[in-house]
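> Provided below are the primary sequence and the corresponding predicted coordinates.
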Amino acid sequence: MAVDLLAALAAVDRDLLLRARVKRTGGEVLWFPWYRRRRGGGAFVVGRTIRFTPNWYAASGYGRSSFGDRSRRSTLRWLMHLAHEVGHLPQAERFGHHALGRLRYLLAFAGQYGSRALLGRWPVHDGAPLEREADRGRWVLRELLVQDRRKGLLLVKAVQAGDRDAVLGWLRQSTPLIGQLQTRYDRELAMAR
């Protein structure tokens, strides 16, 4: 169900999503400065693995941002974040899965973040070209929710209930609009380059 939903929103190959893994990072593994321990937190992709910081699994008590309480709000935040992170999987594929490919992938991000910081271009992280490219799925989901909040709540309820038929029905109904939104996002992204 999640694979079908994320493949449609982010326009990522379904087979690639089936091969991907979502894992929790260790406490201090690959600490990045934009993942402040007491606020927010995020995820990163290496190869076909999406690693989420611990606050995504905590039901409560992890600073101010715990997203593992299974509430509608947390479920929606997971969907939004996954819709972005799966956009990095095709990028990782382009760089390759051997050690040199993974290193080049990580260095490409570091180079984009570093050059944006040195040039005073904000936001440093979210404005990086690879981040903006990967954000298509999250942007599409956000736009769908803005256009019809009731349908968005039905989607979140269906995901929480594990109701595959309801999720697929929502997707069938939303497919034309999803395609229009993806085209709009891609056009705006191309104009920003």
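Sure thing, it's come through. Numbers count the residues shown, from 1 in each chain.

> For the helix or strand of the chain with the lowest mean pLDDT, which strands pair with it and how are they oriented?
When the helices and strands of the chain are compared on mean pLDDT, DSSP states H and E, strand 43-46 comes out lowest with a mean of 90. With DSSP bridges as the test, strand 43-46 is paired with strand 49-52 (antiparallel).

> Residue 11 - how many residues pack around it?
Using other CB atoms under 10 Å, residue 11 is surrounded by 18 other residues. Yep, even glycine has a C-beta here, placed from its N, CA and C like the rest.

> roughly how far apart are it and residue 178?
To residue 178, residue 11 is 9 Å away according to CB to CB, to the nearest Å.

> Could you do residue 77 as well?
20 Å.

> So between those two, which is more surrounded?
Remark: of residue 77 and residue 178, residue 178 carries more neighbours, 20 against 14, as counted by other CB under 10 Å.

> What helices and strands are in contact with the helix or strand encompassing that one?
Following DSSP states H and E, one finds residue 178 within helix 164-192. Judged by 3 or more CB pairs under 8 Å, 6 or more residues apart in numbering; DSSP states H and E, helix 164-192 is in contact with helix 2-10, helix 129-134, helix 136-147, helix 149-161.

> rerun that using 7 Å as the cut-off
Applying 3 or more CB pairs under 7 Å, 6 or more residues apart in numbering; DSSP states H and E, one finds that helix 164-192 contacts helix 2-10, helix 136-147, helix 149-161.
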